[in-house]
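S.K.: show me the folded form of this:
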Amino acid sequence: MNLSLHLIASSCALFLPQQGPGRAPPTTSLAHRATTVAPEVVAELIDRALEVEWKEQKLRPADPADDATWLRRLSIDLCGTIPLREEIAAFLDDKRADKRARKIDEYLDDPAFAQNFSYLWSNALLAGAARGGGPESVHLRPWLEGQLAQRRPFDDIVHELISASGRNDQNGATSFVLAYADEIESLSSVASRTFLGVQIQCAQCHDHPTDKWTQDDFNGFTSFFLGVRGQRIGDNPRVTRLTDTSAAELRAPRLRKVRDALRAAADAGDPAAVELSRRLRRKNLGDLTDDEVMAFLETLPGTQREKLEKGIERQRMYAEPRFLDGAPYAESAERTRREHLADWMVSARNPWFARETVNRLWGHFYGKGLIDPVDDLTASADQVLPQLLDLLAQKFVQSGFDLRWLMTALTRTRAYALGNSLETNVERRDPQERWFAAHPLRPFTAEQVLHSLQRATALEQETVARAKDERFEAERRKVLEQFRYVFSDDEGGSEDRFASSIPQALFLMNGRMTNDATRLRNSRMLDEILDESRSDRERLRQIYLATVGRLPTQAEASKLGRMVKGADGGSRRGIEDLFWALLNSTEFLTNH
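M.R.: Numbers count the residues shown, from 1 in each chain. Sure thing, here's the model as predicted:
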């Protein structure tokens with residue numbers, strides 16, 4: 001056992017015993033749940049484990065980030081947007097030793113925190129749905145935001161996402177399953193990947209070539225979703241009711257579909273269908289044998305027959321639900337299959353749920369997971385300190401699956417507060433970043449671009465006021481889709497992952513939002529800065545704080561000051577040009 005592993009093992013004595021088996025009743029807050037230890041104790045454990053590994057790997061950690069860099073990083077990670085310029089100035093002037101810890105607590109209580117992580121989770125959950133989830137996205141994200149704002153334990157949130165029934169306009173949790181109601185194979189894959197870090201979709205057609213998952217595993221897990229049904233309510237295409245067919249009824253509906261098809265053919269005057277319909281009425285529907293069903297199918301027109309045969313084959317494939325860890329499953333008349341699945345998924349005894357949540361959030365704050373990719377716990381060979389991940393998962397369970405507790409621990413570390421690597425050689429820089437000895441440069445997500453532009457240009461107040469409007473939610477999603485199209489990383493990153501691509505640069509440089517918001521006659525932010533600042537030097541400082549979140553260096557202030565004064569049209573036009581340039585800079589579009 002190396003020193004870091006010994007450190008992790010010996011540190012277990014700091015914590016309370018692990019929570020026993022069984023699921024706690026759903027709650028709406030964390031008030032009743034006891035946290036294991038203070039998150040700063042866990043943060044110290046993380047730092048000690050990493051520091052030992054750096055010595056063993058002969059890695060020199062980067063210098064600590066300055067206050068402005070750290071504050072901007074934290075604001076983007078927790079709230080999904082850059083900090084306000086007034087906030088940065090106040091933070092830089094704050095001399096209290098615990099000001100960073102205070103700021104973490106402040107952000108975790110900010111409404112923007114719940115909004116930010118509602119985007120992160122809804123994007124992950126709807127990524128595999130046709131058309132990005134369609135109308136379901138309108139209901140799911142606000143529901144997630146509400147649960148996070150109420151501090152609901154994460155196991156309760158996930159349990160409801162998997163098991164919820166009812167109308168999506170009354171319970172947004174139903175929108176996750178409804179988005180995949182016609183493609184339960186995709187639903188199964190997204191649920192296992194997002195909440196368990198298990199990539200079972202590779203075993204849909206055949207046994208996984210490199211992992212332990214088999215086609216039987218995929219079919220068994222997907223069987224839990226077989227009975228889901230989405231039914232439109234009234235004329236509103238956005239209102240749907242989610243129900244489950246009971247296990248006892250799963251075979252009967254397929255026979256009713258055969259009967260309905262026969263009735264339609266008989267009504268059209270098909271003699272064979274008329275005779276078969278008569279035979280069908282003389283029998284008890286539930287007593288038909290499979291041979292009789294198939295005989296009926298052979299008489300149907302090709303398209304009808306193919307559709308019904310596909311449904312029958314799906315019911316055959318997904319007839320036997322099975323938990324991925326081999327735990328016993330027993331059908332119940334009182335509970336749906338999805339309720340049984342939800343119980344198992346969020347149980348303290350589940351081998352993946354807590355680990356995947358910790359690993360995914362570690363990747364969010366540090367650029368990569370302890371196991372990477374973050375949603376492939378069982379097959380990935382790229383693993384750093386998996387024993388640390390196990391310990392953090394255990395303590396996350398003991399905290400009552402408290403997301404804020406976990407995020408506090410992850411952001412209070414010295415490792416999170418490190419600066420960027422100064423290594424220009426990729427072969428030396430990559431190990432430094434992979435072992436978290438330097439903070440990587442991370443491109444903004446589409447949401448972060450949009451929300452940071454809104455804040456930097458003082459358009460944020462208008463969007464916040466309209467955020468609870470369902471129509472505005474739909475409109476905002478349309479704008480975000482444009483941003484995602486331009487700013488999504490389809491190639492999985494590159495050596496110059498921190499540089500804006502040409503399409504991204506053109507989108508911002510020529511985009512109406514950026515151009516309008518940086519013109520003096522339109523820009524609220526420029527109006528504010530010009531009104532409150534008398535000198536070009538102070539205006540320069542305020543523009544830097546509003547965009548890139550720091551003060552200009554002496555060299556920048558001197559050079560740009562001359563540029564502003566010498567601009568065609570005077571210093572006001574120079575200020576406008578500078579504002580536009582900073583909003584289009586790589587520094588603005590990255591989290592560093």
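S.K.: against Ala379, how distant is Thr210?
M.R.: Between Thr210 and Ala379 the distance is 6 Å, computed by C-beta to C-beta, to the nearest Å. Quick note: C-beta positions are derived from backbone N, CA and C, even for glycine.
S.K.: out of these two, which sits in the busier spot?
M.R.: Neighbours were counted for Thr210 and for Ala379 using other C-beta atoms under 10 Å; Ala379 has more, 17 against 8.
S.K.: what's the local residue count around Ala206?
M.R.: That one is not Ala; residue 206 is His. By other C-beta under 10 Å, the residues close to His206 number 10.
S.K.: so what does it have for phi and psi?
M.R.: Here is the backbone geometry of His206 (degrees, to the nearest 10): phi -160, psi 170.
S.K.: what of Ala149?
M.R.: Taking degrees, to the nearest 10 as the convention, Ala149 sits at phi -70, psi -30.
S.K.: apart from its chain neighbours, what residue comes closest to it?
M.R.: Excluding its sequence neighbours, the residue lying closest to Ala149 (C-beta to C-beta, 6 or more residues apart in numbering) is Ala114, at 4.0 Å.
S.K.: that neighbour touches Leu148, doesn't it?
M.R.: Yes. The criterion here is C-beta atoms under 8 Å, and Ala114 meets it with Leu148 at 3.9 Å.
S.K.: helices of the stretch 401-550 of the chain, residue ranges please.
M.R.: For the stretch 401-550 of the chain, the helices defined by DSSP state H, counting those that start in this stretch cover 403-411, 426-434, 446-456, 460-465, 470-487, 502-510, 512-517, 524-532, 536-547.
S.K.: lowest average pLDDT across the ones you listed?
M.R.: Among the helices of the stretch 401-550 of the chain, helix 502-510 has the lowest mean pLDDT, at a mean of 47.
S.K.: just for the stretch 51-200 of the chain, where's the confidence low?
M.R.: Scanning the stretch 51-200 of the chain with the threshold set as pLDDT under 70 gives 131-134.
S.K.: just the helices in it please.
M.R.: For the stretch 51-200 of the chain, applying DSSP H, counting those that start in this stretch gives helices covering 67-79, 85-93, 99-108, 111-126, 136-149, 154-163, 174-178, 184-196.
S.K.: quick one: contacts of the shortest one?
M.R.: Residues from elsewhere that reach helix 174-178 (C-beta atoms under 8 Å, 6 or more residues apart in numbering): 125-126, 133, 136-137, 139-140, 143, 161-162, 164-168, 187, 225, 228, 230, 240, 242, 338.
S.K.: how about 7 Å then?
M.R.: Contact partners of helix 174-178, identified using C-beta atoms under 7 Å, 6 or more residues apart in numbering, comprise 125, 136, 139-140, 161, 164-166, 168, 187, 228, 230, 240, 242.
S.K.: likewise stretch 84-98?
M.R.: Against stretch 84-98 from outside (C-beta under 7 Å, 6+ apart): Asp67, Ala68, Leu71, Lys99, Lys103, Arg455, Gln542, Leu545, Ala546, Gly549.
S.K.: give me that answer again for 10 Å
M.R.: For stretch 84-98, contacts defined as C-beta atoms under 10 Å, 6 or more residues apart in numbering pick out 66-68, 70-72, 75, 82-83, 99-100, 102-103, 105-106, 455-456, 458, 460, 525, 528-529, 541-547, 549-551.
S.K.: returning to what we had before: and for the residue nearest to Ala149, the neighbour number?
M.R.: Ala114, neighbours per other C-beta under 10 Å, totals 19.
S.K.: could you do the one 5 residues further on as well?
M.R.: When counting by other C-beta under 10 Å, one arrives at 19 neighbours for Tyr119.
S.K.: which ones are touching it?
M.R.: Tyr119 sits next to Gly80, Arg141, Leu144, Glu145, Thr445, Ala446, Glu447, Gln448, His451, Leu480 when contact means C-beta under 10 Å, 6+ apart.
S.K.: how's the protein carved up into domains?
M.R.: Here the domain assignment for the chain is 3-64+352-438, 114-247+322-345, 251-317, 443-591, based on automatic domain parsing.
S.K.: with distance to Leu92 added, can I get the ones you listed in a markdown table?
M.R.: Output for the domains of the chain, formatted as a markdown table (distance: least, C-beta to C-beta, whole Å):
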| stretch | distance to Leu92 |
| --- | --- |
| domain 3-64+352-438 | 15 |
| domain 114-247+322-345 | 23 |
| domain 251-317 | 61 |
| domain 443-591 | 8 |
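S.K.: ends of stretch 369-376, what's the gap?
M.R.: 10 Å (C-alpha to C-alpha, to the nearest Å).
S.K.: and the gap between the closest residue to Thr222 other than its chain neighbours and Asp217?
M.R.: If the residues on either side of it in the chain are set aside, Thr222 comes closest to Ser188, at 4.0 Å by C-beta to C-beta, 6+ apart. Per C-beta to C-beta, Ser188 is found 10 Å from Asp217.
S.K.: what do these two both touch?
M.R.: Joint contacts of Ser188 and Asp217 (C-beta under 10 Å, 6+ apart) are Ile200.
S.K.: what residue ranges in the stretch 201-350 of the chain score low on pLDDT?
M.R.: Within the stretch 201-350 of the chain, the stretches with pLDDT under 70 are 208-209, 247-263, 265, 272-273, 275-290, 292-293, 296, 299-301, 304.
S.K.: for it, just list every one of the helices.
M.R.: 215-222, 251-267, 271-282, 290-298, 302-317, 337-345.
S.K.: contact partners for the residue nearest to Ala149?
M.R.: Shown in contact with Ala114 (C-beta under 10 Å, 6+ apart): Cys79, Leu108, Leu144, Glu145, Gly146, Gln147, Leu148, Ala149, Gln150, Arg151.
S.K.: if I look at it, how far off is Gly146?
M.R.: Counting by C-beta to C-beta, the gap from Ala114 to Gly146 is 8 Å.
S.K.: mind giving me the PyMOL select for the contacts of helix 174-178, buried ones only?
M.R.: Selection command for PyMOL covering only the buried members of these, criterion 16 or more other C-beta atoms under 10 Å:
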select buried, resi 125+136+139+140+161+164+165+168+187+228+230+240+242
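S.K.: between the contacts of helix 174-178, which is closest to Tyr180?
M.R.: Leu187 (3.4 Å; C-beta to C-beta).
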